[in-house]
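Engineer: need a structure here:
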Amino acid sequence: MASPPSANGAESKRFVVPAPSEPAKIEMFSPAFYAASAFSGGLSTGLTHTAVTPFDLVKCNMQV
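Structural biologist: Just a heads-up that it's a prediction; the model follows:
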């Protein structure tokens, strides 16, 4: 692919990166959609609850 000349007549160098191919899409409201949603929701909330629960238990034990 030839670069077009710039304003001063010299060729400009461009670096072109092709876009990655798009992965297969999941159809809305299909079983795969609900499975992917459940997995991603469980992963995100599971990590948060795993990190917060020990602090909550310590706090509750200190209040007793």
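Engineer: Can you show me the helices along the chain?
Structural biologist: 31-63 (DSSP state H).
Engineer: shaky segments in it?
Structural biologist: 1-12 (pLDDT under 70).
Engineer: Residue 26: neighbour count?
Structural biologist: 14 (other CB atoms under 10 Å). Quick note: C-beta positions are derived from backbone N, CA and C, even for glycine.
Engineer: From residue 33, how far out is it?
Structural biologist: Using CB to CB, to the nearest Å, we find residue 26 at a distance of 5 Å from residue 33.
Engineer: tell me, what residue is most central in the protein?
Structural biologist: Nearest residue to the geometric centre of the chain (CA atoms, centre = their mean): residue 40, 10.6 Å.
Engineer: need the contact list for that one.
Structural biologist: Under the criterion of CB atoms under 8 Å, 6 or more residues apart in numbering, residue 40 has no neighbours.
Engineer: Residue 61 too?
Structural biologist: Residues counted as contacts of residue 61 (CB under 8 Å, 6+ apart): none.
Engineer: Begin at 673, not 1, for the rest of this chat.
Structural biologist: Right, with 673 as the first residue, what we last looked at is residue 733.
Engineer: I'd like the distance between it and residue 727.
Structural biologist: 11 Å.
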